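Chemist: need coordinates for the following:
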Amino acid sequence: MAILIGIIIIIGSVLIWFHIPYSPTKKSFSEDIEALKKSNHLEEQGQIFKAEDFSHLPHVVQEYLKNCGYIGTHQMSYLKMEYYDVDFAQGKKGPKLKIDYTQYDFVSEPCRMALIDSSMFGVPFEGYDYYENGVGGMKGVIAKGITLFDQKGSDMDKACLTTYLAECMFAPSILLQDYIAFEEISDYEVKATISYKGQTVSGIFTFNEQYEYISFKTKDRAVANNDGTMEYIPWTAQCGEYKISDNGIKYPTKFKAIWNYPDEDFVYFDGTISEVSYEE
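Modeler: Alright, predicted model coming up:
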C-alpha cells in the first residue's frame, strides 16, 4: 500500500510539474531576450524611415517598403513575431507537432532567438533556436528538463544566419546595416548577402507584382539529419496572404519553411503569423 501511495505521489508531482507555467527553458529564453533588449539599441532608434534612406537599394525593395507602409514609421532595434498552432515536423521521419513559436530578430548585430512551445503525448516539449555573436544552435528539451538534442557547429552557425537573412524584410532597419548587401537580379528578384563573424550566406528574394515579398531561396542552409549529420539542401521560405495591421503596415499572415529535396518538397513549418511588433 505504501508503495502504491508513493507511486501516486510521484505521478501527481510529475503531472503538476508538467502543467505549471514555469520551465527552465522559458526562463532562460526570457532572461536572454531581456539582456539583448538592453544591449541592442541603435543610434537611429526613434527616427522615422524616409524613402531616401533606401535609395541605394534595388527598386523592387524600395517599392516593397513603400507599398507595405514602412515609410514614415519608426526605425526599430528589434522585431518580434509570434505564431500559434503551427504545423511543425522534426524531419521527414520525425514527429509532427502543433507548436507555438515566438522569435526575436535584433538589428545592431545579426542576432536571432526563437522559442518553440509544444507537447508530445502530453509531455511538454520546448525548443530553443539561437544565433548570437556568430554562434548558432538548436536545442530540444522534453519534460522541461531532459535534453533531446543540442545541435551546434559551423554548419548550424550558417543555417541560423541564413534564417535571419530570410526575415530581414520584416524589420527594415536591418536593410540599412553594413553587414548586408543587395544585388538586383530582375524586376522582381534581388540577391541578398549577409556577412558576419567570418560567415557569409546569400539567397534570392522574390516579390510579386504588388511588391509583396513572397519567397526567399538559398543553398546556404543545412538540414540536421536524424543521425546528427548536416546536409546542404536547397531551402525556401514562403509568405503570403498579406493584410494591413492596426499600425498601418501590411504584413503576410502565412509563412512556410520548406526543404527542397531532390525527390520532393518537404514543408516542415506551416504557420499563421499572429502578431508582429517592434521596439521603436
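Chemist: flag every buried residue along stretch 177-185.
Modeler: Neighbour-count burial for stretch 177-185 flags 177, 179-180, 182 (criterion: 16 or more other CB atoms under 10 Å). C-beta coordinates here come from the backbone N, C-alpha and C atoms, glycine included.
Chemist: so what touches it?
Modeler: 57-61, 107-110, 165, 168, 174-175, 190-196, 204 (CB atoms under 8 Å, 6 or more residues apart in numbering).
Chemist: helices - which of these land there?
Modeler: 59-61, 165 (DSSP state H).
Chemist: now, the contacts of stretch 177-185 that are in strands?
Modeler: Counting by DSSP state E, these place 190-196, 204 in strands.
Chemist: of the residues you listed, buried ones?
Modeler: By 16+ other CB under 10 Å, these give 190, 192, 194, 196, 204 as buried.
Chemist: now the buried residues of stretch 177-185 in a markdown table, with distance to residue 229, secondary structure and pLDDT?
Modeler: As requested, the buried residues of stretch 177-185 are exported to a markdown table (distance: CB to CB, whole Å; DSSP: H, G, I helix; E, B strand; the rest coil; pLDDT from 0 to 100):
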| residue | distance to residue 229 | secondary structure | pLDDT |
| --- | --- | --- | --- |
| 177 | 33 | coil | 96 |
| 179 | 29 | coil | 97 |
| 180 | 30 | strand | 97 |
| 182 | 33 | strand | 97 |
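Chemist: what stretches of the stretch 101-250 of the chain score poorly on pLDDT?
Modeler: 120-121 (pLDDT under 70).
Chemist: tell me where it has strands.
Modeler: 111-120, 123-132, 135-142, 146-151, 180-186, 189-196, 199-207, 213-218, 222-224, 230-232, 235-244, 250-260 (DSSP state E, counting those that start in this stretch).
Chemist: quick revisit: which single one of the buried ones among the ones in strands among the contacts of stretch 177-185 is nearest to residue 263?
Modeler: residue 204 (22.4 Å; CB to CB).
Chemist: out of everything not next to it in sequence, what's closest to that closest one?
Modeler: Nearest non-adjacent residue to residue 204, counting by CB to CB, 6 or more residues apart in numbering: residue 217, 5.0 Å away.
Chemist: my guess is the one you found meets residue 236, correct?
Modeler: Yes: taking CB atoms under 8 Å as the definition, residue 217 is a contact partner of residue 236 at 5.0 Å.
Chemist: quickly list what's touching both of the two.
Modeler: residue 260.
Chemist: may I see the buried residues of stretch 177-185 organised as CSV, with distance to residue 264 added?
Modeler: Below are these laid out as CSV (distance: CB to CB, whole Å):
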residue, distance to residue 264
177, 36
179, 34
180, 32
182, 31
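Chemist: which among the residues you listed gets closest to residue 38?
Modeler: After measuring these against residue 38 - CB to CB - the closest member comes out as residue 177, at 19.4 Å.
Chemist: could you check how far that closest one is from residue 75?
Modeler: To residue 75, residue 177 is 11 Å away according to CB to CB, to the nearest Å.
Chemist: once you drop chain neighbours, what's closest to the residue sitting nearest the centre point of the chain?
Modeler: The structure's the chain has its C-alpha centroid closest to residue 103; by CA atoms, centre = their mean the separation is 5.4 Å. Nearest non-adjacent residue to residue 103, counting by CB to CB, 6+ apart: residue 114, 3.9 Å away.
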